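Engineer: Quick one, fold the following:
(chains A and B)
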Amino acid sequence: MIDPEVLAPPVRIALMGNPNCGKTALYNLLTGSRQKVANYAGVTVERKEGTLHTTSGRRVSVLDLPGAYSLNALSNDEALTRDVVTGHSREALPDLLVCVTDATNLRLHLRMVLELRRLGLPMVVVLNKMDRVEKLGIRIDQELLAKELAVPVVGTVGVHAHGADGLRTFLDQPVQPSVHRPWTAPGLEQVLATQQDVQRIYKRVVTEPTVDRDPSDRIDKVMMHPIWGFAILAVVLFLTFVAVFSVGGWLTGFIEDGMDLLAALITGHMAEGSFRDLLVEGVIGGVGSVLVFLPQILILFLFILGLEASGYLPRAAFLLDRPMSKAGLSGRSFIPLLSSFACAIPGIMATRTIGNWRDRLTTILIAPLMACSARIPVYTLLIAAMFPSDPVSGALVMVGLYVLGIVAAMTVAWVIKRTDRDKSHAPLLMELPPYQWPDLRSLVIGIYERGMIFLKRVGTVIMALTIVMWALSSTPSPWATATGTPMEQSLAGELGHALEYVFAPIGFNAEISVALVPGMAAREVVVSSLGMVYAVEGDDAEMGAQLRERITRDWSTGTKLSLLMWLVFAPQCLSTFVVVKRETGSWRTMWIMGGYLFGLAYLASLITYQLTIAITG
Amino acid sequence: MSGESGSTIKLNELPNDQWARVVEVEVPTDSADRELVLRLVELGFVPDELLCIVAVGLPGREPLAVRLGGTTFALRRHEASFIRVSPR
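Structural biologist: Residues are numbered from 1 along each chain as shown, chains lettered A, B, ... in the order given. Predicted coordinates for the structure are as follows:
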């Protein structure tokens, strides 16, 4: 007698497969917007869970496991996947294992299927990218494959709206009972034996076309060419930069207008008082000055996610591997570092794919030196104030600041390599997947996620810091001895005077010093803090113009340059620190990073300021 | 990890755009290298498979982009040196 419960259709399924099998697109297609992203307990691997509806309308929860080439894990991501499917994690075993394969590349992906089959879990093999199989002229005998594997096989197209209908129907069928067997790491002999099975099954099931229709190799001849490849990479990076600053800047104008309108509305409809001041100056002035950079951040992410999905970024990493190895890094660090230009946090999280611990740590330590998008507002303000009527010099200085960050990062990586006694060999071993058009759905979901993370940050950390700053600068100090503006007599003024002792040698006055304090937690608030301590009033656009004028008039060239240096190097993001602690599991690493960045910033500012003073007299 | 001997070369010595057949995968003595070789075998670098170097980094032909079946992998010369191939 069979227990009817055992033969029920699955309620919890887990998706797994090799990297580049199109699993993310399939997961996004299955679950749409019904997704939750969190972290696995105790480890820092992203846990993605969503809900799908089967053909009959049943709800099934879907766990998206990190891609893995093998259960013999070489990185954190792979280890987590192994632990979940072998029952060694807090995660309950899924009712059904959905093993996703790239049907155009079964030779590589079948081995994982055979390895997973040994676990004895109920399982289905998904042949994804079936549209490309047709286009490339590959023929797969699905029935024979199912028979050879003794596992059901379903074809899908992760990038078509109805591409997973077959899988949705399959999920309404009852699953076979589990006969879970413990997993032991296979040795070389066993892996070779499995590969012979794969070769045999592949030959029986798959008929390859006689003519190679995959254009990837021909594209690669240009993309990975020692000269053309670098020229194309330079153009791609340049276009990204231009798009962020021109298109992004243009969109920013609309948000600015909206903020001004809101500020005018509130000013017009509320009675005068400190609550109105808080709303207009603190919340709209402060938060608004950060919010306007949302388009630029999203455009940068659009480029990075799109380039990654197209398969281009691994090629760029290949090209840059040799130059980066001079600095003690490898091509594997390229994608995390590129992401850090948008924000260091996803950049640092992307280092999870770097198997070599020393390489990963170095990449994490230098990621904050990549000029993240939060620096744009501060850089823009200072440069506009320094070159009020010369946009060309301004643009050159902007590029220079980005380059300075990169050069500093490479130097730090080189120093770390020189001082490290561990000279073990770091492998590259990276797949260069076939070129493809990015899946629009995944792109939209990816950008939406980044946008929400940014907005949450604006709504919490940045809002809180802005309000604290506003309160400090509008509360009179009980110990005020100084006579002067209300600002000088406020709590913020007192703080500024105390800090001036530390910052005077690098040319910062009390106002700058106090504005930098909340900037340590989130660099975006430096601009609005400066606005507050200089007690400039009015809405966003007016505030910016007034502040620029004050800076042009009041600060010496040395101070402006010194502040730019400070902003390039100084640790100015609490969230980055939290992520570094989480990713490395070490407070020490976090403090080392903070310490070296602070030291570097102070030194660079000191040299810049003192030199400028000496030259300009 | 057998295969026939004869005129075989290491993968890192294979000229660009020259197809070759994998003959043998050497088992290194170093444990980190063994882990690496195990991964290479898992990725499909096993006897009888055909491969070809489609691009190389400069200077010094490092790294190598190796086309194996439907996949291209970026390898270092060090990893590649454990794979013996026979050019066709």
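Engineer: Residue B:24 should be in a strand, yeah?
Structural biologist: Yes. According to DSSP: H, G, I helix; E, B strand; the rest coil, residue B:24 belongs to a strand.
Engineer: Name the residues linked to it by a beta bridge.
Structural biologist: residue B:84 (DSSP bridges).
Engineer: Just confirm residue A:402 contacts residue A:373, I think it does.
Structural biologist: No. The pair formed by residue A:402 and residue A:373 falls short of the contact definition of C-beta atoms under 8 Å, at 11.5 Å. Where C-beta positions appear, they are placed from N, C-alpha and C, glycine not excepted.
Engineer: Of those two, which one has the most company?
Structural biologist: A count of neighbours by other C-beta atoms under 10 Å in any protein chain shown puts residue A:373 above the other of residue A:402 and residue A:373, at 22 against 16.
Engineer: Excluding covalently adjacent residues, which one is nearest to the more buried one?
Structural biologist: Nearest non-adjacent residue to residue A:373, counting by C-beta to C-beta, 6 or more residues apart in numbering or on different chains: residue A:297, 4.4 Å away.
Engineer: What ranges does the stretch 101-250 of chain A have for its strands?
Structural biologist: A:123-128, A:139-140, A:153-155, A:206-207 (DSSP state E, counting those that start in this stretch).
Engineer: closest to chain B out of these?
Structural biologist: strand A:206-207 (10.1 Å; C-beta to the nearest C-beta).
Engineer: The closest residue to residue A:26 other than its chain neighbours - how many residues pack around it?
Structural biologist: For residue A:26, ignoring the flanking residues on the chain, the nearest one in space by C-beta to C-beta, 6+ apart is residue A:158 at 3.7 Å. Using other C-beta under 10 Å, residue A:158 has 27 other residues around it.
Engineer: what's the average pLDDT for the lengthiest helix in chain B?
Structural biologist: In chain B, assigned by DSSP state H, the helix with the most residues is helix B:31-42. On average, the pLDDT along helix B:31-42 is 90.
Engineer: Moving C-terminal from it, which element do we reach first?
Structural biologist: Under the assignment DSSP states H and E, the closest C-terminal helix or strand after helix B:31-42 is strand B:50-56.
Engineer: Return the residues in contact with the residue of chain B most remote from its centre.
Structural biologist: Distance from the C-alpha centroid of chain B peaks at residue B:59, with 19.5 Å (C-alpha atoms, centre = their mean). The contact partners of residue B:59, by C-beta atoms under 8 Å, 6 or more residues apart in numbering or on different chains, come to residue A:322.
Engineer: 10 Å instead, please
Structural biologist: Residue B:59 makes contact with A:226, A:322 under the criterion C-beta atoms under 10 Å, 6 or more residues apart in numbering or on different chains.
Engineer: go on, residue A:413?
Structural biologist: So residue A:413 contacts A:324, A:326-329, A:333, A:337, A:359, A:362-363, A:365-366, A:369 (C-beta under 10 Å, 6+ apart).
Engineer: Please apply the same query to residue A:420.
Structural biologist: Per C-beta under 10 Å, 6+ apart, neighbours of residue A:420: A:328, A:358, A:361, A:362.
Engineer: ok, the residue nearest to residue A:373 touching residue A:375?
Structural biologist: No. Using C-beta atoms under 10 Å, residue A:297 is not in contact with residue A:375; the gap is 11.3 Å.
Engineer: any shared contact partners between these two?
Structural biologist: Contacts common to residue A:297 and residue A:375, judged by C-beta under 10 Å, 6+ apart, are absent.
Engineer: Going by distance to chain B, which of the contacts of residue A:420 wins?
Structural biologist: Nearest member of the contacts of residue A:420 to chain B, counting by C-beta to the nearest C-beta, is residue A:358, at 12.2 Å.
Engineer: what number of residues lie near the closest one?
Structural biologist: The number of residues near residue A:358, taken as other C-beta under 10 Å, comes to 16.
Engineer: per-residue confidence for it?
Structural biologist: For residue A:358, pLDDT reads 87.
Engineer: just the one 5 residues further on next, same as before
Structural biologist: According to the predicted model, the pLDDT of residue A:363 comes to 95.
Engineer: ok, and the closest non-adjacent residue to it?
Structural biologist: Residue A:363 sits nearest to residue A:333 (C-beta to C-beta, 6+ apart), 4.3 Å away.
Engineer: For that neighbour, give its distance to residue A:389.
Structural biologist: From residue A:333 over to residue A:389 the distance is 40 Å, taken as C-beta to C-beta, to the nearest Å.
Engineer: Now do the contacts for the residue lying closest to residue A:505 once chain neighbours are set aside.
Structural biologist: Setting aside the residues directly before and after it, residue A:505 is nearest to residue A:606 in space (C-beta to C-beta, 6+ apart), at 6.0 Å. The contact partners of residue A:606, by C-beta under 10 Å, 6+ apart, come to A:505, A:506, A:507, A:562, A:565, A:566.
Engineer: Now do the contacts for residue A:500.
Structural biologist: A:508, A:509, A:510, A:511, A:512, A:513, A:514.
Engineer: Give me the pLDDT value at residue A:476.
Structural biologist: Per the predicted model, pLDDT is 80 at residue A:476.
Engineer: One more: residue A:42?
Structural biologist: Taking residue A:42 on its own, its pLDDT is 53.
Engineer: before we move on, what about the one 3 residues further on?
Structural biologist: According to the prediction, residue A:45 has pLDDT 64.
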